[in-house]
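Peer 1: Pasted the sequence and its predicted model underneath.
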Amino acid sequence: MKRMLCLLPLIFILGFNTLRAQDRPFGLGLMFGYPTGISLKYWIDDKQAIDGGITWSFYHDGYFQVHSDYLRHAYVIDVNTGKLPFYYGLGARLGFGHNVHFGARVPLGIEYIFQNEPIDIFFELVPGMEFLPEPDFSFESVIGFRYFF
């Protein structure tokens with residue numbers, strides 16, 4: 001009985017992995033636009049993911065920015081091969097330059113997940129609200145790709 005209880009977490013994890021949109025949970029790639037940099041994504045299951053970025057923003061004389069978002073995916077468009085979910089979420093960003101920048105993000109995007117390949121491409125529009133250094137509306141847009149492993 002103790003052996004079965006020890007195996008339950010492993011069985012759960014292996015079963016949980018089959019529910020992801022990608023066969024591999026972690027993606028690493030590049031994004032271009034505003035901001036430009038490294039893109040990261042971790043699939044929780046087929047409809048939920050956490051993404052992040054380590055980027056350079058060209059806005060306000062340029063600054064280093066990190067962000068992270070919780071994402072929900074909706075599969076409303078059928079395609080012959082692969083998957084094409086629309087996604088939306090909520091997150092935050094923090095920037096360091098002449099001033100400290102802090103704000104909220106509302107990512108809206110579309111992502112193509114290749115069939116039988118650990119690759120995706122995405123396009124994202126991100127309205128938001130900047131709280132520091134002063135309150136202001138913000139808007140970001142990027143295109144990118146990731147390799148999953």
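Peer 2: Great, that's in hand.

Peer 1: Could you list the buried residues of the helix or strand containing residue 52?
Peer 2: Here residue 52, judged by DSSP states H and E, is contained in strand 48-57. Under the neighbour-count criterion of 16 or more other C-beta atoms under 10 Å, strand 48-57 has 48-49, 51-53, 55, 57 buried. Backbone N, C-alpha and C define where each C-beta goes, glycine included.

Peer 1: And stretch 29-43, by the same measure?
Peer 2: For stretch 29-43, burial by neighbour count (16+ other C-beta under 10 Å) applies to 29-31, 33-41, 43.

Peer 1: Going by distance to residue 103, which of these wins?
Peer 2: residue 35 (12.1 Å; C-beta to C-beta).

Peer 1: was I right about that closest one contacting residue 54?
Peer 2: No - using C-beta atoms under 8 Å, residue 35 is not in contact with residue 54; the gap is 9.4 Å.

Peer 1: residues of whatever helix or strand comes next after the strand holding residue 52 that come out buried?
Peer 2: For strand 48-57, the succeeding helix or strand toward the C-terminus, using DSSP H and E, is strand 63-77. For strand 63-77, the neighbour count (16+ other C-beta under 10 Å) marks 63, 65-67, 69, 71, 73 as buried.

Peer 1: Over to stretch 132-139?
Peer 2: Neighbour counts over stretch 132-139 (16+ other C-beta under 10 Å) mark residue 138 as buried.

Peer 1: contact partners of it?
Peer 2: 99-103, 125-130 (C-beta atoms under 8 Å, 6 or more residues apart in numbering).

Peer 1: Buried ones among those residues?
Peer 2: Buried among the contacts of stretch 132-139 by 16+ other C-beta under 10 Å: 101, 103, 126, 128, 130.

Peer 1: contacting residues around the most centrally placed residue in the chain?
Peer 2: The chain has residue 51 as the residue nearest its centroid, 2.7 Å off, counting by C-alpha atoms, centre = their mean. Counting by C-beta under 8 Å, 6+ apart, residue 51 makes contact with 39-42, 68-69, 71, 89, 91, 107.
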